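A.B. asks: coords please:
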Amino acid sequence: MSDLFSSQQSYYQPLAARMRPRDLDDYIGQEHLLAPGKPLREAIVRGQLHSMIFWGPPGVGKTSLARLFAEQANARFESLSAVLSGVKEIRAAVAVAQQERAAGRKTILFVDEVHRFNKSQQDAFLPYVEDGTFIFIGATTENPSFELNNALLSRCRVYVLRGLQPEQLQLVLQQALDDTERGLGNSNIRIDQDTLMTLAQAADGDARKSLNLLEIAADLADEVDGHKIIDEQVLAEVLASDVRRFDKGGDIFYEQISALHKSVRGSSPDGALYWLARMLDGGCDPLYIARRVVRMASEDIGNADPRALPLCLAAWDVQQRLGHPEGELAIAQAVVYLAAAPKSNAVYNAFNQVMADVRSQPAYDVPIHLRNAPTKLMKSMDYGAEYRYAHDEPGAYAAGEKYLPEELADTSYYQPVERGLELKIKEKLAHFRELDKQSNKQRYKK
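C.D. replies: Here you go, the predicted structure:
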């Protein structure tokens, strides 16, 4: 009776849960860690336990790998979810591990989404990792360098797990279709390999998602001559509301906006458009992208093409006024313009250097000749004396005039590049510097 209940309970589990790999031969993906001879595979095969962090996107096998580790090492597998657990659950898991240790058995404590635990909760694991009460395995989708305490991180090896390729996901799906014990092998499903590949590509590197999509497709498929037919029509229905993997505020978010920015900086319109489309397809707020695009116009194009900034502001305005899809097209236009425009970070560099100097140096006084003199007292103190009004000078330039504090008189922050409009600006500033030299020579002679 208990075996029947267990099998029924397993049947009602989602397909993705039923199809967890039972050994390393079943496990698909992560060859960079698990190929024959790789250190992690050798550690699992030999049951050589050590604390570790699995870092990777959802659905790549972090939990399954931890379970395989526990099984191979003949260790008890205790699991916590940082979303649902607190200090109470941590203490309970520690108590179980201590009982197992007293009985001579090892425990692996697996903590899913460990980055969601706060500092004090993460610190609660440290003494038990130190004294060997359990082997700690954490799983996270976020960069552990930013999300985990240094104390915990220093006691664990970090393994990076990668999203699965479509060909690997196709194998995962085929496993489920062939498996008569845990999978859909008894469901008489017919699906051609092209349709299966489409399903694999839609899962976006996530094995759990691919199996969920297959299970939904099997439920929706019409039965013809005793077979369930999963064709393009069924697939279109399953994928109608599909959204690509895009973790707003997480690593994938920052990776993709970084790729967009670097494609613009690298003068690749194709790359910039691709990453823009990926972010929009994944559900990123177009207004966020518009703000970042405005930043790119100032940081990477600058005065090499001053038209870039108002164009990007206009695209932002279009998105606010018209929304989807007109606004997104305007952002795409701005992104392509930025990618094709001449590049200069001269203003960006100059501004950063000035800010660094202002923060690190004394607050120098404004030179007397640059000060305003609205009162008689100020005039009597020579405020504004000897100031030369540039418009009254030849070429509207007061050659030799100083505008920086005396302590910084010879400092030059802005260095235009020889591209776009900045080429002209550079020539003009060089001309002004030559006039300054001549003016200073005349003053010296006097």
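
A.B. asks: which non-adjacent residue is nearest R67?
C.D. replies: Spatial nearest neighbour of R67, chain neighbours left out: F77 (5.9 Å); criterion: CB to CB, 6 or more residues apart in numbering. Just so you know, the C-beta spots here come from the backbone N, C-alpha and C atoms, and that holds for glycine as well.

A.B. asks: I'd like the average pLDDT over stretch 157-170.
C.D. replies: On average, the pLDDT along stretch 157-170 is 93.

A.B. asks: Any chance you could list what contacts that stretch?
C.D. replies: Stretch 157-170 is contacted from outside by 28-30, 32-33, 40, 50-57, 59-62, 65, 144, 172, 193, 196-197, 200-201, 203-207, 210, 245, using CB atoms under 8 Å, 6 or more residues apart in numbering.

A.B. asks: Contacts only, for Q193.
C.D. replies: Listed by CB under 8 Å, 6+ apart, the contact partners of Q193 are Q170.

A.B. asks: I'd like to know how far it sits from A70.
C.D. replies: Separation of Q193 from A70 (CB to CB, to the nearest Å): 35 Å.

A.B. asks: next one: I90
C.D. replies: Per CB to CB, I90 is found 18 Å from A70.

A.B. asks: now swap in R157 and tell me
C.D. replies: R157 is 16 Å from A70, where distance means CB to CB.

A.B. asks: Compare the two and say which one has the larger neighbour count.
C.D. replies: A70 (24 against 13; other CB atoms under 10 Å).

A.B. asks: ok, longest helix in this protein?
C.D. replies: If you go by DSSP state H, the chain has its longest helix at helix 420-445.

A.B. asks: Which positions in that one come out as buried?
C.D. replies: Using 16 or more other CB atoms under 10 Å as the burial criterion, the residues of helix 420-445 that qualify are 420-422, 425-426, 435-436.

A.B. asks: Then stretch 386-404?
C.D. replies: Buried, per 16+ other CB under 10 Å, within stretch 386-404: 387, 397-399, 401.

A.B. asks: residue ranges with poor pLDDT in the protein?
C.D. replies: Across the chain, the ranges flagged by pLDDT under 70 are 1-12, 241-251, 443-446.

A.B. asks: can you map out the strands along it?
C.D. replies: 52-55, 76-81, 107-112, 135-140, 157-160, 189-190, 222-224, 227-229 (DSSP state E).

A.B. asks: V129 is in contact with R155, isn't it?
C.D. replies: Yes. Counting by CB atoms under 8 Å, R155 is a contact partner of V129 at 5.2 Å.

A.B. asks: Mind listing the shared neighbours of the two?
C.D. replies: Contact criterion CB under 8 Å, 6+ apart; residues shared by V129 and R155: 51, 136.

A.B. asks: show me where the stretch 51-200 of the chain has helices.
C.D. replies: Chain-ordered helices for the stretch 51-200 of the chain, with DSSP state H, counting those that start in this stretch as the definition, fall at 62-72, 87-102, 119-123, 126-130, 144-147, 150-153, 166-178, 193-202.

A.B. asks: among these, which is the most enclosed?
C.D. replies: helix 62-72 (a mean of 21; mean count of other CB atoms under 10 Å).
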